[in-house]
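Chemist: Okay, predicted coordinates and the sequence, questions at the end:
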Amino acid sequence: MINVGVLGATGAVGQRFVQLLASHPWFNLQTLTASERSAGKNYRDAVNWRLDEPFPDSVGDIVVSKTDVDSVKGLDIVFSALPADLATNLETDISRAGVAVCSNASSHRMDKNVPLVVPEVNPDHLGLIDLQRDSGNDGFIVTNPNCSTITMVSALNPIQHRGLSDIRVATMQAISGAGFEGISAMSIYDNVIPYIGSEEKKMEAETLKIMGSFDGSVITNAPFSISASCHRVPVIDGHTMAIWVDTKASVEELKNDFRNYKAPFTGLPTQPEKSVLLFEQEDRPQPRLDRNRGRGMTVSVGRIREGVRFIAMGHNTIRGAAGASVLNAELIVSKKYL
């Protein structure tokens, strides 16, 4: 078994990591870290479990550790659900201590030698791990992108070969993306908030890196432009977005691309049967009906129209966060980077 831990295990994404890893067939979850307020307590006593999945009793007696390098030394992989300001130095120090870091934090996503990976889209970018190891470390950092970026690039991947020159996206993002305490009920109820700090810049920058080309030493950004407008809506889980793409392909050609799309690998435990699922109904996808498809790992698309315009939707804390990072780790193992 591969020994793993979770940094920031009591927060929204941290709890998703715990849920996905508690009975994972490859990974032995043995270390959970949190703030000093929670350190020393059994996990069941330290966490206020708020997910719609039952609390995994198998990890309830794990004693929560402080979030530092010493707590995770000796592990094979740590999954980071830390805020960006805490993650920046700590993830670097952990990788230098010989541990692989699979991070959901934004701190290192745009670093030159750090892979920003969506496994179905750019698995070859894991080659940047070799460049990190040129400095003499056994450890390394691999990141997954922002939750809205993951949904968009997953939806664009089946049609990228058609030639994309300009992409515009308007998101309708669930409140869980802001964490348990992120938005008050008085702010979001009966409301739409037309601004999410730094979200638009992340979508625009991260997409170009993910869908760019890797020559073994550097990534060249994808050759198209992106314009994003991001909005918070009163939905608990599931980011929905309207996407406009300039391409000469017809609607039926794009539908066939989505119908026939298959991931470039098989056999990873967190991988869904369909990474991208096409809906023919005019009123789908919808977050309440479709966010849990593929155990939350499937991105749904629909309403493909001339222009080209379509809708994409994905579960933001599973496909867009913890599940993406776990799938990255499975791909790392399958490619023998540990």
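Modeler: Thanks, I have it.
Chemist: what are the phi and psi angles of the closest residue in space to Trp49 that isn't next to it in sequence?
Modeler: In space, Trp49 comes closest to Phe55 once its chain neighbours are excluded; the distance is 4.6 Å by C-beta to C-beta, 6 or more residues apart in numbering. In short, each C-beta sits where N, CA and C put it, glycine included. When read as degrees, to the nearest 10, the backbone of Phe55 gives phi -60, psi 130.
Chemist: Leu82 versus Phe55, what's the distance?
Modeler: From Phe55 across to Leu82, the span is 22 Å (C-beta to C-beta, to the nearest Å).
Chemist: which ones are touching the nearest residue to Ser154 once chain neighbours are set aside?
Modeler: Nearest non-adjacent residue to Ser154, counting by C-beta to C-beta, 6+ apart: Val299, 4.2 Å away. For Val299, the set of contacting residues under the criterion of C-beta atoms under 8 Å, 6 or more residues apart in numbering consists of 150-151, 154-155, 275-277, 312-314, 319.
Chemist: Please name every helix or strand in contact with the host helix or strand of Ser148.
Modeler: With secondary structure defined by DSSP states H and E, Ser148 is part of helix 147-156. Contact partners of helix 147-156 among helices and strands, from 3 or more C-beta pairs under 8 Å, 6 or more residues apart in numbering; DSSP states H and E: strand 166-172, helix 199-210, strand 239-245, strand 299-305, strand 309-314.
Chemist: Give me the buried positions along it.
Modeler: Buried residues in helix 147-156, counted by 16 or more other C-beta atoms under 10 Å: 147-156.
Chemist: between those, which is nearest Thr240?
Modeler: Distances from Thr240 to the buried residues of helix 147-156, taken as C-beta to C-beta, are shortest for Thr151 (8.5 Å).
Chemist: Spatially nearest residue to the closest one, not counting backbone neighbours?
Modeler: Of all residues beyond its chain neighbours, the one nearest Thr151 is Gly314 (3.7 Å), with distances taken as C-beta to C-beta, 6+ apart.
Chemist: pretty sure the one you found contacts Asp290?
Modeler: No. Using C-beta atoms under 8 Å, Gly314 is not in contact with Asp290, being 9.1 Å away.
Chemist: Please say which of those two ends up with more neighbours.
Modeler: In this comparison of Gly314 against Asp290, neighbours counted by other C-beta atoms under 10 Å, the higher total goes to Gly314 at 34 against 21.
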